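*Asks:* Can you look at this prediction? I've put the sequence above it.
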Amino acid sequence: MAAPPSVPYVAYETIRGLADAFLAQRHRSGAIPVPIEDIVEFQLRLDIVPVQGLRHAFEIDGFTTSDGSEIHVDAYAQENYPSRYRFTLAHEVGHLVMHAWAYERGNFSSIQGWKDFINAMPEESASRIEAQAHCFAGLILVPASPLRREVEASVARISAAGLRLADVWDDAWPRIEAVVAKTFAVSADVIHRRIEFDHLDTHFRRSRGV
């Protein structure tokens, strides 16, 4: 198996553009939560293969075969942790969109083959390829406009309760993230990162005089 080339740096806004283009093609309705499982199975025509003990044995939630035909996922997460399962699918789609050029050089269909592929990369590239797929996943599961709309709705509910956001700032954001996470069917941590990357907390800090 040939070692893949180094993975280049890609700016977050460039990944955002790729994610937006993907959603424009694959999820035109814009409905939330994004039906990532349906997109994977019925539009991308990929097989989702549950694997018992994948996370326990290999410390990963999923991987995609190098020919781009199958996404293997941890069976327990698929059955019991829908937000983690959805993020895993979106993460693997990120690899297919951004890293097909590297995967095609790998020629692997097993977890060990995937491990060998990643381990053959320079450390910086291995870290970069995963970080890029993480960013892509967050951007397709939590698009910018719906995220801003839902955060604004949560802030409005705080005001409607007679509270000033500035006065409850530290307590409010974890609660906002938890509420918004349910709408998007992702973890609160994903919402936290998306709010941070889109600078929504900074926007409200300035607008509310915090």
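*Replies:* Arrived safely.

*Asks:* in the chain, which segments are predicted with low confidence?
*Replies:* In the predicted model, the chain carries pLDDT under 70 at residues 1-5, 208-210.

*Asks:* most distant residue from the middle of it?
*Replies:* Most distant from the centre of the chain: Gly162, at 34.7 Å, with distances by C-alpha atoms, centre = their mean.

*Asks:* SS state for that residue?
*Replies:* Three states are possible here, and by DSSP: H, G, I helix; E, B strand; the rest coil the one that applies to Gly162 is coil.

*Asks:* Backbone dihedrals for it, both of them.
*Replies:* Listed backbone geometry of Gly162 is phi 80, psi 20, with angles given as degrees, to the nearest 10.

*Asks:* Glu41 versus that one, what's the distance?
*Replies:* The gap separating Gly162 from Glu41 is 47 Å, by C-beta to C-beta, to the nearest Å. In short, each C-beta sits where N, CA and C put it, glycine included.

*Asks:* what does Trp101 give?
*Replies:* Here Trp101 is placed at a distance of 24 Å from Glu41 (C-beta to C-beta).

*Asks:* Show me which of these two is the more surrounded one.
*Replies:* Under the criterion of other C-beta atoms under 10 Å, the comparison of Trp101 against Glu41 puts Glu41 first, with 15 against 10.

*Asks:* contacting residues for the more buried one?
*Replies:* Listed by C-beta atoms under 8 Å, 6 or more residues apart in numbering, the contact set of Glu41 reads Asp47, Ile48.

*Asks:* cool, Val10 as well?
*Replies:* When contacts are counted by C-beta under 8 Å, 6+ apart, Val10 touches Met98, Gln132.
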